[in-house]
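K.L.:
Provided below are the primary sequence and the corresponding predicted coordinates.
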Amino acid sequence: MTNSSLISSLERAVGAGNVFGGSSDLLVYEYDGSVDAAVETSKPAAVVLPQTVEQVAEVVRIARVNKLPVVPRGAGTGLSGGSVAESGGVVVALTRMAGILEVDYENRVALVEPGVINLELSDWVKPGGYFFAPDPSSQRACTIGGNVAENSGGPHCLKYGVTTNNVLGVRMVLIDGTAMSCARQCRARCNRLTPKLTR
Ligand SMILES: Cc1cc2nc3c(=O)[nH]c(=O)nc-3n(C[C@H](O)[C@H](O)[C@H](O)COP(=O)(O)OP(=O)(O)OC[C@H]3O[C@@H](n4cnc5c(N)ncnc54)[C@H](O)[C@@H]3O)c2cc1C
């Protein structure tokens, strides 16, 4: 598949405004927080910013059919190169899936999309007297999806545990494009990221 036909199929999947294929747009996705040259940089073939789980699944299917590597990306604050593109691969940036969908104060559970910025969740629930405990010092920028992937934490984690201790369930897209949910101690309708809240 040529690069222009790849871009066209990705645009059909997520809309033209949600796909980057130009050289200068791709440049910034060669990096994450690990800018000390410890990580080799490479330019992806495309960056896609899906807005629904179904779009994520379709993008992953397109990449798989074309035998292209897929790299998920949140805010790109990671320090270990995890979100740095593979050469010729497809970066799936989740920053346009940034909705806080539901907050259940009684059960101290929030239902959020993966691109929600960590501190925004705490700010959102603050009026109710709650916060989301994992507090990496990058919390003004990093996303909950990135926190889950990296099992991030900060000073609150000494008392409340790291991200894994504060997430009850996730909805994920597997590399074959199948979407599935896994949850513990969670209501059936918690079918996306469900961070636990702390008072
Ligand atoms: C100034 C600074 C301070 C920091 N302080 C801390 C700290 O105190 N504690 C700490 O733990 N870390 C810290 N970090 C590291 C980093 O911020 C965390 O690892 C953070 O969780 C990364 O989130 P992100 O959204 O930027 O993810 P990214 O950097 O975009 O991605 C990180 C990894 O997660 C994967 N990923 C991202 N989103 C998803 C998704 N939705 N689904 C599947 N995989 C996904 C990526 O592929 C990559 O492997 C710091 C970084 C900086 C730059």
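P.N.:
Arrived safely, thanks for sending. Residues are numbered from 1 along each chain as shown.

K.L.:
could you list the low-pLDDT ranges of this protein?
P.N.:
Scanning the chain for pLDDT under 70 picks out 37-38, 184-194.

K.L.:
what about 80?
P.N.:
Applying pLDDT under 80 to the chain flags residues 1, 35-40, 184-196, 198-199.

K.L.:
how much space between the residue positioned nearest the centre of it and residue 54?
P.N.:
Computing the C-alpha centroid of the chain and ranking residues by CA atoms, centre = their mean puts residue 145 first, at 3.7 Å. Here residue 145 is placed at a distance of 17 Å from residue 54 (CB to CB, to the nearest Å). To be clear about C-beta, it is placed using only N, CA and C from the backbone, and glycine gets the same treatment.

K.L.:
ok, residue 78 next?
P.N.:
Counting by CB to CB, the gap from residue 78 to residue 54 is 26 Å.

K.L.:
again with residue 21
P.N.:
Using CB to CB, residue 21 is found at 22 Å from residue 54.

K.L.:
same question, residue 135
P.N.:
Shown here: residue 135 relative to residue 54, a distance of 32 Å by CB to CB.

K.L.:
which one of the two has more residues nearby?
P.N.:
Ranked by neighbour count (other CB atoms under 10 Å), residue 135 and residue 54 place residue 135 first, with 19 against 13.

K.L.:
who's in contact with the residue nearest to the more buried one when sequence neighbours are not counted?
P.N.:
Leaving aside its sequence neighbours, residue 135 sits nearest to residue 154 (CB to CB, 6 or more residues apart in numbering; 3.7 Å). By CB atoms under 8 Å, 6 or more residues apart in numbering, the residues touching residue 154 are 134, 135, 136, 137, 139.

K.L.:
which among these end up buried?
P.N.:
Buried by 16 or more other CB atoms under 10 Å: 134, 135, 136, 139, out of the contacts of residue 154.

K.L.:
does residue 117 touch residue 75 like I think?
P.N.:
Yes. Residue 117 is within contact range of residue 75, at 7.1 Å (criterion: CB atoms under 8 Å).

K.L.:
now do the shared contacts for these two.
P.N.:
Residues touching both residue 117 and residue 75 (CB under 8 Å, 6+ apart) are 141, 142, 143.

K.L.:
right, is stretch 29-49 up against the ligand?
P.N.:
Yes. Judged by CB under 6 Å from any ligand atom, stretch 29-49 comes into contact with the ligand at 32, 33.

K.L.:
how about the residues of the protein near the ligand?
P.N.:
So the chain meets the ligand at 32-33, 71-79, 82-83, 94, 114, 136-138, 142-143, 145-147, 149-150, 152-154 (CB under 6 Å from any ligand atom).

K.L.:
in strands, which of those residues fall?
P.N.:
71, 72, 73 (DSSP state E).
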